[in-house]
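Enquirer: let me see the structure of the following:
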Amino acid sequence: MAKTESTKPARKPNPALMKPVQPDEVLAAVVGSEPLSRGELTKKVWDYIKAKGLQDEKKKTLINADEALKKVFGGKSQVTMFEMTKLISGHVK
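Expert: Below you'll find the model as predicted:
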């Protein structure tokens, strides 16, 4: 018997994630003040983290905050990457 391939329909992106959101003043200091989709916003934050070398050397899931990120993270000096996305959500309109 020949094995049949199942053809799955292409996965559609969630429209809510594609809709541009406006960063507040605190987050704009890190990513700029232009409206961005949530995916682009997260990518810009990661670009910032990598450019400044803020990812923890020993435990890569931790982000060490500089002064700008500390304001975004509610005063925390270190957060997990999962906690980071939650904290960023509080800074978009």
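Enquirer: and the strands in the chain, which stretches?
Expert: Applying DSSP state E to the chain gives strands spanning 62-64, 78-80.
Enquirer: name the helices or strands packed onto the first one?
Expert: Okay, so that is strand 62-64. For strand 62-64, the packing partners by 3 or more C-beta pairs under 8 Å, 6 or more residues apart in numbering; DSSP states H and E come out as strand 78-80, helix 81-89. C-beta here means a position set from N, CA and C on the backbone, and glycine is covered the same way.
Enquirer: minimum distance to K50: which of those has it?
Expert: The closest of the helices and strands packed on strand 62-64 to K50 is helix 81-89. By C-beta to C-beta, the value is 12.1 Å.
Enquirer: just the CA coordinates for that closest one, please, in PDB.
Expert: In PDB, the C-alpha atoms belonging to helix 81-89 read as follows (Å, rounded to 0.1, in the frame of the first residue of the first chain):
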ATOM      1  CA  MET A  81      12.600  35.800  28.200                       C
ATOM      2  CA  PHE A  82       9.100  34.600  28.800                       C
ATOM      3  CA  GLU A  83       8.400  37.200  31.500                       C
ATOM      4  CA  MET A  84       9.900  39.800  29.100                       C
ATOM      5  CA  THR A  85       7.100  39.400  26.500                       C
ATOM      6  CA  LYS A  86       4.500  39.800  29.200                       C
ATOM      7  CA  LEU A  87       6.100  43.000  30.600                       C
ATOM      8  CA  ILE A  88       6.500  44.400  27.100                       C
ATOM      9  CA  SER A  89       2.700  44.000  26.500                       C
END
